[in-house]
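> Here you go, sequence then predicted model.
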Amino acid sequence: MSQLKHKPAILASVRRVVVKLGSSVVTTASSINGERVAAIAAEIARMVDHGYQVVLVSSGARAAGLSRLGMSAMPVAIPEQQAAAAVGQISLMSHYERCFSDCGHHVGQVLLSVGDLHDRSRYLNARHTMEHLLAHGIIPVVNENDSVAVEELKFGDNDHLSALVAGLVSAELLVILTDVDGVYDGPPTLASSSVVDLIENIDQYVLEFDGSAGARKLPSGELGTGGMASKLRAAASAAHRGITTVIADGTSEGSLTRALQADSCAGTLVLASASPISHRKHWIAYGMATAGTLQVDKGALAALSERGGSLLPSGVTAVAGSFAAGDCVTCLGPDGKEFARGLVAYDSNDCARIKGSQSSSIEASLGYHSGDELIHRDNLVLLEELAQEDQPGD
């Protein structure tokens, strides 16, 4: 199959891997699947014994807490979900600690919130913490801090979180284990559908996938929050950071090992971009929630997308949302479509006051001057050019 010719070369250089486990892999209807957790822990322990560094992103805390709260199904109310997560996280980590200890390894719990990755200093601190854990031979077990996260400040699903973590630690490979054996080329319930072995252009695939939800989209599991669409978007995020992704079935014995074997076609292999973007650009593009929008005219669109310029106030035609200086905003073209996002130098009120003005009049209009640009080129990511950019450093 086509995937096999790519796998040996890719896997030969892989040393740092992020493994994401979905709720359907590690939990039952209302408790932890101890047998699967033990089996996957044993596989990861063998990887570490063979020289890999592994970061584990695990779902399942909320599902694990249901039985202890006397619930048989996931509650709708956010406080009840958070209570389930608070109780279940202890149980989940207890299983991981025991299972990895039985294999001669130790784990460290890392609970992340959106703010930890949106704030640049906290992002770098999380990155340094992970590096120190890995340097000491500790396996980080990462989950969203569901017990305190509010709905509007959540990652959305652990697929997205796993891609951000993969970028955070500069992993070479992201393995997303779920309850299906890969990405299908049609509805998985149809006998004519089959697993796609290789996706070379993930951006185009995501566009096609999202544009034909009835034809390709897989349903979300009852215990989880993400469907196949979220896994593909996570793979796209990872690809732009130069990280290859494998999406595979994690419910059977040896599934992780098969996904990593060079002679196996297990799962769907999503190739990384040949020209990855930097940590900082990846953080802007994927690690931050946008707080507002700036719409620009044709001249500004051309200056940004064709000539590599910065966004000046003269090119802005409309400002929407409430944001502070330093927040991430969406840049819309004259047609209203997003083409970029970046860190803005002025807050929303001041942007509205100086939109359409020359940079030379900023100080006279506002009484202060924080630069000639609303968004400097170094703080701007063009979405259509993510796969072509390559900026070194943080």
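Perfect, I can see it now. Owing to the predicted nature of the structure, the values given are computational and were not obtained by experimental measurement.
> Could I get the buried residue list for the lengthiest helix in the chain?
Here the longest helix in the chain is taken by residue count, with DSSP state H as the criterion, and it is helix 78-102. Applying a neighbour-count criterion of 16 or more other C-beta atoms under 10 Å, the buried positions in helix 78-102 are 80-89, 91-93, 95-97, 99-100. Any C-beta I mention is one placed from the backbone N, CA and C, and that applies to glycine too.
> hey, where'd the strands end up in the chain?
When assigned using DSSP state E, the strands of the chain occupy the ranges 16-21, 53-58, 107-112, 139-144, 173-178, 198-199, 244-249, 268-270, 290-296, 316-321, 328-332, 338-343, 380-382.
> okay, those strands in JSON lines with mean neighbour count, distance to Ala45 and mean pLDDT next?
As requested, those are arranged in JSON lines below (neighbours: other C-beta atoms under 10 Å; distance: least, C-beta to C-beta, whole Å; pLDDT from 0 to 100):
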{"stretch": "strand 16-21", "mean neighbour count": "26", "distance to Ala45": "12", "mean pLDDT": "94"}
{"stretch": "strand 53-58", "mean neighbour count": "24", "distance to Ala45": "9", "mean pLDDT": "95"}
{"stretch": "strand 107-112", "mean neighbour count": "18", "distance to Ala45": "10", "mean pLDDT": "92"}
{"stretch": "strand 139-144", "mean neighbour count": "23", "distance to Ala45": "8", "mean pLDDT": "91"}
{"stretch": "strand 173-178", "mean neighbour count": "27", "distance to Ala45": "15", "mean pLDDT": "92"}
{"stretch": "strand 198-199", "mean neighbour count": "20", "distance to Ala45": "29", "mean pLDDT": "84"}
{"stretch": "strand 244-249", "mean neighbour count": "26", "distance to Ala45": "19", "mean pLDDT": "90"}
{"stretch": "strand 268-270", "mean neighbour count": "27", "distance to Ala45": "24", "mean pLDDT": "88"}
{"stretch": "strand 290-296", "mean neighbour count": "21", "distance to Ala45": "40", "mean pLDDT": "91"}
{"stretch": "strand 316-321", "mean neighbour count": "17", "distance to Ala45": "47", "mean pLDDT": "94"}
{"stretch": "strand 328-332", "mean neighbour count": "23", "distance to Ala45": "39", "mean pLDDT": "92"}
{"stretch": "strand 338-343", "mean neighbour count": "21", "distance to Ala45": "40", "mean pLDDT": "89"}
{"stretch": "strand 380-382", "mean neighbour count": "22", "distance to Ala45": "38", "mean pLDDT": "87"}
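> okay if I get the ones you listed as a markdown table plus distance to Ala302?
Formatted as a markdown table, those follow (distance: least, C-beta to C-beta, whole Å):
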| stretch | distance to Ala302 |
| --- | --- |
| strand 16-21 | 38 |
| strand 53-58 | 40 |
| strand 107-112 | 39 |
| strand 139-144 | 40 |
| strand 173-178 | 35 |
| strand 198-199 | 32 |
| strand 244-249 | 34 |
| strand 268-270 | 32 |
| strand 290-296 | 10 |
| strand 316-321 | 14 |
| strand 328-332 | 13 |
| strand 338-343 | 11 |
| strand 380-382 | 12 |
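> Indicate which one of these is closest to Ile10.
The closest of these to Ile10 is strand 244-249. By C-beta to C-beta, the value is 5.4 Å.
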